[in-house]
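Q: Compute the structure for the input listed below.
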Amino acid sequence: TAAQMPKVLPLLRHFEPRVSRSAVRAVWRLGGASAENHLLSALKDAEFGTQLEILFALGQIKGRATAPALLALGSDRNTPERSRVKTLEALAGLATADQIPALTELARKKGLFGSNAEPLPVRAAAIKALASIGTPEATQAVKKVLDAESKGSDREALSHAAGA
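A: As a prediction, the model looks like this:
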């Protein structure tokens, strides 16, 4: 029952990954939509496997605060690359039209020769999330990013990630 959730919450930050992952599932099942903020608060500092559990649970909850929080974490260059990629991939099922500018910025090449660009896996996850929005504005943003990309393997990878 939901009354048990306060007993489980401290376990989200347990040092043993199996315990923290089990706690994620318990919090999600006990709290439902009310678990969203607890899971979001544990996401950034969790170990990678626990992050994946949290991202899955948040994707099922589809709460109002999840998409902006995932975009912020996926945009944070201080977050390890593989966590950023998985976060942005999770965002693909939740992204909204108001996130088009930020996702476009993450996906596009920046600077001369892309010297300020995000790593390709981050860019690919961002363009996938952008394409998932499905609005004409998002479709146009995907096209703009791909058109600005020079021909080659990066462009092919981005195009594939966008489903183009």
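Q: Name the residues that touch the host helix or strand of residue 83?
A: Per DSSP states H and E: residue 83 is located in helix 81-91. Residues from elsewhere that reach helix 81-91 (C-beta atoms under 8 Å, 6 or more residues apart in numbering): 43, 48, 51-52, 55-56, 58-59, 67, 70-71, 73-76, 79, 99, 106, 119, 121-122, 124-126, 128-129. No exception for glycine: its C-beta is placed from N, CA and C like everyone else's.
Q: Could you list which of the residues you listed belong to helices?
A: Of the contacts of helix 81-91, the ones assigned to helices by DSSP state H are 43, 48, 51-52, 55-56, 58-59, 67, 70-71, 73-75, 106, 121-122, 124-126, 128-129.
Q: Would you show me how to pick out the buried ones of those in ChimeraX?
A: Buried residues within the ones in helices among the contacts of helix 81-91, by 16 or more other C-beta atoms under 10 Å, are selected in ChimeraX with:
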select :43,51,52,55,58,59,67,70,71,73,74,75,106,121,122,124,125,126,128,129
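Q: Quick one: low-confidence residue ranges for the protein.
A: 111-116 (pLDDT under 70).
Q: Residue 142 is in what secondary structure piece?
A: Assigned by DSSP H and E, residue 142 falls in helix 136-148.
Q: Output the contacting helices and strands for the helix or strand where residue 18 lies.
A: According to DSSP H and E, residue 18 maps onto helix 17-31. Using 3 or more C-beta pairs under 8 Å, 6 or more residues apart in numbering; DSSP states H and E, the elements in contact with helix 17-31 are helix 5-8, helix 36-43, helix 48-61.
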